[in-house]
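# predicted coordinates and the sequence they were generated for:
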Amino acid sequence: MSPLTRPWRADQLAALREHLDLLTAAGTVPGGVIACGTAGAEPTILTSGVVAPEYGAAPPGPDTRYDLASLTKIVATWALVGKAWAARRITLSAPIHSLLPDVPHDAPGGGVTIGQILTHTSGLRTETRLDLYRGRPEPLAQLICSEPLAGKPGAAHQYINRGFILLGLALAQLHGRPLEALAADLWADLGMTGTSYGPLTRSATVAPTGQRLAGAPRLHGIAHDDAAAMLGGVAGHAGVFGTAADLAAFASHLLDPGSELGIWLGFSARPRTRIEPGLERGLAWIVSGDGVLCHHGFTGTSLYLAPATGRYLALCTNAVYYHQDNRAALAQLRALVFKEIAN
């Protein structure tokens, strides 16, 4: 164990469990799983509630598969960009059109760089709205980049899914292989056996999410994100399903400063643009003033890293099961994690 590593204390674990139990008792989420620990050590697993009411009392566990939503940006796209960067196959200053032959170099979004996409300063259209392209014959990358820019690239932070969709397309083009195959190889190398793009077979080991329309079947093993669903469940911004155990394994690899992904994390952790007071954006990751990194998924998932203490925490819930947007209800637990992970 590194002399800088500080294991989670019993009082901290108790507070985390209490907050998770309060969420399930209040009916905010059906259930959830927390996996927390330090690099190289077995994670502590905290669970609460049920997978979903339709499975009765079946509890969630470290291997329950949750829709990770925007954590896809981290566990798939950011990690694959990092491997390509380490292999010197891409640079952060490269314009996206240089990786996507369908995009004219003079397209409004064609000059946006990989670095600007990762920092959410691309200036691309903020609404994802791929449904607007339904029936259009042009390649998706061309359609996205042909839209007028919403802002000056590199000027201001604005969270944008479209850039990560472009990165997913660019990675597939760069390697001549589908994004899901590239990601599957990455996860296999990291021992993340429960992580994949959907669709998944319905079962009590897969946590369902919400309904797109009242009275419609509940989404179960199908991407909750509309744009990812339109892309067949495979996209650079959303669509991945994973487990708390796999997120813990992923975090442990990232906290190894000598590993390829650990080196990429160190580079990515440098604050590059301001989000709000006390929070900056690195490459994909949110970075707090005390050096904690995190990223969230709309469905109720989060991943936190604290390189200074060697700690990590993964949160998996299906918070959109009862309510379409439950981010406010998760805010107190997420704030607690931010406070405790660095102490």
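Received the coordinates, thanks.
# G215: how many residues sit nearby?
Neighbourhood size, G215 [other C-beta atoms under 10 Å]: 5. C-betas here are computed from N, CA, C, even on glycine.
# on the pLDDT front, check it for me.
For G215, the pLDDT comes out at 88.
# D226 versus that one, what's the distance?
Per C-beta to C-beta, to the nearest Å, G215 is found 18 Å from D226.
# low pLDDT regions in this protein?
1-3 (pLDDT under 70).
# can you show me the strands along it?
Remark: strands assigned in the chain by DSSP state E are 31-38, 44-49, 66-67, 196-197, 240-242, 273-276, 279-281, 286-288, 293-297, 301-306, 311-317.
# in CSV: these, plus mean neighbour count and distance to L182.
Formatted as CSV, the strands of the chain follow (neighbours: other C-beta atoms under 10 Å; distance: least, C-beta to C-beta, whole Å):
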stretch, mean neighbour count, distance to L182
strand 31-38, 25, 25
strand 44-49, 20, 29
strand 66-67, 32, 20
strand 196-197, 22, 11
strand 240-242, 28, 12
strand 273-276, 13, 27
strand 279-281, 18, 24
strand 286-288, 20, 25
strand 293-297, 22, 20
strand 301-306, 26, 20
strand 311-317, 29, 22
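# what about the helices in this protein?
Counting by DSSP state H, the chain has helices at residues 10-25, 72, 79-86, 114-118, 140-146, 161-175, 179-189, 226-230, 244-254, 260-268, 327-341.
# contact partners of the last one?
This points to helix 327-341. The set of residues external to helix 327-341 that reach it, using C-beta atoms under 8 Å, 6 or more residues apart in numbering, is 8, 12, 15-16, 19-20, 23, 26, 28-29, 288, 292, 294, 296, 298, 300, 302, 304, 306, 309, 311-313, 315, 317, 319, 323.
# returning to that earlier point: of the strands of the chain, which approaches T121 most closely?
If you check each of the strands of the chain against T121 by C-beta to C-beta, strand 273-276 wins as the nearest, at 5.4 Å.
# convert the C-alpha atoms of the closest one to CSV, please.
Extracted in CSV, the C-alpha atoms of strand 273-276 (Å, rounded to 0.1, in the frame of the first residue of the first chain):
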residue,chain,number,x,y,z
THR,A,273,-11.7,25.2,-18.0
ARG,A,274,-14.0,26.5,-15.2
ILE,A,275,-17.4,24.9,-14.7
GLU,A,276,-18.4,26.9,-11.6
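# just checking, what packs against it?
strand 279-281 (3 or more C-beta pairs under 8 Å, 6 or more residues apart in numbering; DSSP states H and E).
# hmm, what's the outermost residue in the protein?
D106 (30.8 Å; C-alpha atoms, centre = their mean).
# for that one, give me phi and psi.
phi -100, psi 10 (degrees, to the nearest 10).
# looking at the sheet around T273, what are its partners?
Listed by DSSP bridges, the beta-bridge partners for T273 are R281.
# give me every residue that touches it.
Per C-beta under 8 Å, 6+ apart, neighbours of T273: 119-121, 156-157, 280-281.
# need the max-distance pair from those.
A156 and E280 (13.0 Å).
# how many neighbours does T28 have?
21.
# quick one, what contacts it?
By C-beta under 8 Å, 6+ apart, the neighbours of T28 are 319, 322-323, 326, 329-330.
# got a winner among these for most neighbours?
Neighbour counts for those peak at A319, which has 28 neighbours (criterion: other C-beta under 10 Å).
# separation between that one and T243?
16 Å.
# beta partners of H296?
Counting by DSSP bridges, the residues bridging with H296 are S302.
# which residues touch the closest residue to A57 other than its chain neighbours?
Distances taken as C-beta to C-beta, 6 or more residues apart in numbering put V50 closest to A57, at 6.1 Å, once the chain neighbours are dropped. Contacts for V50 were tallied using C-beta under 8 Å, 6+ apart; they are 24, 30-31, 56-60.
# now P53
Counting by C-beta under 8 Å, 6+ apart, the residues that P53 touches are P30.
# quickly note the distance from it to T64.
Distance from P53 to T64, by C-beta to C-beta: 15 Å.
# ditto for E127
Distance from E127 to T64, by C-beta to C-beta: 32 Å.
# which one of those two has more residues nearby?
T64 (24 against 13).
# the more buried one contacts T243, correct?
Yes. Taking contacts as C-beta atoms under 8 Å, T64 lies within contact range of T243: 6.3 Å.
# give me the common contacts of those two.
Counting by C-beta under 8 Å, 6+ apart, the residues touching both T64 and T243 are 33, 316.
# Q211: which of the helices of the chain is closest?
helix 226-230 (12.5 Å).
# hmm, who's touching that closest one?
By C-beta under 8 Å, 6+ apart, helix 226-230 touches 72, 128-131, 161, 165, 212, 222-223, 234-235, 237-239.
# can you select the buried ones from those residues in PyMOL?
Here is the PyMOL command that selects the buried residues among the contacts of helix 226-230 (16 or more other C-beta atoms under 10 Å):
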select buried, resi 72+128+130+161+165+222+223+234+235+237+238+239
